[in-house]
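*Asks:* got a structure for you, letters missing:
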């Protein structure tokens, strides 16, 4: 999700690409009035929630996500009895973003509000407001309108949105007249432009681009594992075995090809098995689970200590011996497959942490095939030399022999695993609110780790398995230079510099106590009509920023992208920036009634108004959402969602500016 520096040759995180702007309706509510007695009733709200989404429960606090609340507009002949109560399978977890425990529902949710009937005839009108999120974005505060009326003996619907009662007595509908809002005498700034916006096309698809990065990530991990002491020394022995076991050279080459293909099949099967056992959504949930992150942190620390030479980690020898003996007893393709399986077991101590890190990273994509694609790249890189050296056996003579350089790679991996262990510990630290690994503490530890790695690569630090008096090679010197430069790069972060290259790993900026960095971009307007009138008077295009106070990805974009000098200049000098908070709770002077998709809705807050603008004009309802328009409200380019690629964002802004000048 952010750029990497030197360790991109190890593993890269999966980029979250923007998706097609569209209305998302992951939650479907209906309401009903249930009579308990002549003087008591319950208003019940039932929700069906799409997979991957969740609806937050009640009373989560002002600093948390949007809680479910029961709101009354008008009530007569009855009174609210107690609080809105959640029912069903409520899940409670620590949220690393909000740094607090949150409660939510998945698949389905039920909220119940009791009322007391105090008069022979009663009427109650209001709305349920709730918040819904998935792992990438959140919906703005959404309301479910209702209206019920009846007598002390029976109840009936008089109006509402998907309302029903247990005792249904001849409902009568109240028609709400949609109001046209935001229009001036000359220009209708609220005119829908969904077709015009979509005509500009969309960004590259998330899935196709992600698969490429997943494959390359696996390929990089496999190449790295190839040069470890667990794998590299086995290559010449295995290839020589295939070439010598038969006088037929073609058969020897065929066997080597089969051996390489077996490695691919083994690791590809492992990736598919993990997906089938856990499922894509479960893997995604596991990757953000605090306990899992603690365990993975401890695992990386153990592997790092092993790579430093404290001890050796191997699987039980009887496992590899049993497979090896089976390979000797069998012949043909099965024998070759078992030999490849033996390689997988023997090389576990070097490949295990790389495979584990790869699977954790790709699981955050939520794709069913992502682990398999990652393992395919890993296996191809691991199997490639066995096949190439079998095809060109003369290359074996020029193949670098095992030696101290392999231990350097192993120790370097140990330092990198130590750094990544802190990343996983940071997730748990945020989830439980320990505050032991704030941003400046995390950066200080990373600075020390990469400085020590640079010193080691220069030969200033020795570990038990290192050769004494070994000269520093040119590649090793350049790696040391990169590591030390990276450590120096992170130093300004101790005073609040954004450090875009490590923002995916480091804790969020709000955990930093000391921050001198003030290069932030602020909107010129937070009111749509006022901003559009200003842009028209000054003959400037507009960038509309649909955001939310609780939108984490919005803050990431503002920190990682808007602070870029070129982006900042474009936003402040060439555009009129209008930021519209869809969760702004400020009450409107008067509620506005609108008809949307054949249903009546009431806009009660400023956030409701801006959310309705985003849906009705642009056909989208997720944040962050950026759209460029001229000063009459017509789109100038495709919409932009969450993607921290600065070059892509600059191209987005410059293309809109060019179209405006035309």
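*Replies:* Cool, got the structure. What you see is a predicted model; the values in this text were computed from it and never measured. Numbers count the residues shown, from 1 in each chain.

*Asks:* now the strands for the stretch 101-250 of the chain?
*Replies:* All strands of the stretch 101-250 of the chain, identified by DSSP state E, counting those that start in this stretch, fall at 108-117, 121-130, 132-133, 142-151, 155-160, 163-165.

*Asks:* could those be laid out in JSON lines, adding mean neighbour count, distance to residue 401 and mean pLDDT?
*Replies:* Placement of C-beta: from N, CA and C, glycine included. Listed next are the strands of the stretch 101-250 of the chain as JSON lines, based on neighbours: other Cβ atoms under 10 Å; distance: least, Cβ to Cβ, whole Å; pLDDT from 0 to 100:
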{"stretch": "strand 108-117", "mean neighbour count": "20", "distance to residue 401": "63", "mean pLDDT": "93"}
{"stretch": "strand 121-130", "mean neighbour count": "20", "distance to residue 401": "65", "mean pLDDT": "92"}
{"stretch": "strand 132-133", "mean neighbour count": "26", "distance to residue 401": "55", "mean pLDDT": "86"}
{"stretch": "strand 142-151", "mean neighbour count": "22", "distance to residue 401": "65", "mean pLDDT": "87"}
{"stretch": "strand 155-160", "mean neighbour count": "20", "distance to residue 401": "79", "mean pLDDT": "43"}
{"stretch": "strand 163-165", "mean neighbour count": "18", "distance to residue 401": "79", "mean pLDDT": "46"}
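
*Asks:* Same list, those strands, but as JSON lines with distance to residue 88 please.
*Replies:* Listed next are those as JSON lines, based on distance: least, Cβ to Cβ, whole Å:
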{"stretch": "strand 108-117", "distance to residue 88": "5"}
{"stretch": "strand 121-130", "distance to residue 88": "14"}
{"stretch": "strand 132-133", "distance to residue 88": "15"}
{"stretch": "strand 142-151", "distance to residue 88": "16"}
{"stretch": "strand 155-160", "distance to residue 88": "22"}
{"stretch": "strand 163-165", "distance to residue 88": "19"}
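
*Asks:* Which one of those lies nearest to residue 350?
*Replies:* strand 132-133 (39.1 Å; Cβ to Cβ).

*Asks:* Show me the contact partners of the closest one.
*Replies:* Around strand 132-133, the neighbours that count as contacts under Cβ atoms under 8 Å, 6 or more residues apart in numbering are 26, 27, 49, 53, 54, 55, 56, 65, 138, 139, 142.

*Asks:* picking that back up, can you tell which of the strands of the stretch 101-250 of the chain is closest to residue 296?
*Replies:* With Cβ to Cβ, the closest approach to residue 296 among those belongs to strand 132-133: 24.1 Å.

*Asks:* before we move on, which element is residue 471 in?
*Replies:* Using DSSP states H and E, residue 471 falls within no helix or strand.

*Asks:* picking that back up, go through the strands of the stretch 101-250 of the chain and name the closest to residue 460.
*Replies:* Counting by Cβ to Cβ, residue 460 lies closest to strand 132-133 out of the strands of the stretch 101-250 of the chain; the figure is 48.4 Å.

*Asks:* circling back: need the buried ones from the contacts of strand 132-133 selected in PyMOL.
*Replies:* One line in PyMOL is enough to select the buried ones among those; burial here means 16 or more other Cβ atoms under 10 Å:
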select buried, resi 26+27+49+53+54+55+56+65+138+139+142
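
*Asks:* Which one of the contacts of strand 132-133 is nearest to residue 426?
*Replies:* Within the contacts of strand 132-133, proximity to residue 426 (Cβ to Cβ) peaks at residue 65, which comes in at 20.9 Å.

*Asks:* how close does the closest one get to residue 56?
*Replies:* 5 Å (Cβ to Cβ, to the nearest Å).

*Asks:* Name the residues contacting each of those two.
*Replies:* Once Cβ under 8 Å, 6+ apart is applied, the residues that residue 65 and residue 56 both contact turn out to be 102, 131, 133.

*Asks:* Next, format those as TSV and append distance to residue 385.
*Replies:* Shown next, in TSV, are the shared contacts of residue 65 and residue 56 (distance: Cβ to Cβ, whole Å):
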residue	distance to residue 385
102	49
131	52
133	46
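
*Asks:* ok, so of these, who is nearest residue 215?
*Replies:* residue 133 (29.4 Å).

*Asks:* got the residue ranges for the helices in the stretch 551-662 of the chain?
*Replies:* Under the criterion DSSP state H, counting those that start in this stretch, helices of the stretch 551-662 of the chain are mapped to 552-560, 565-569, 606-618, 646-661.

*Asks:* Noted, bye for now.
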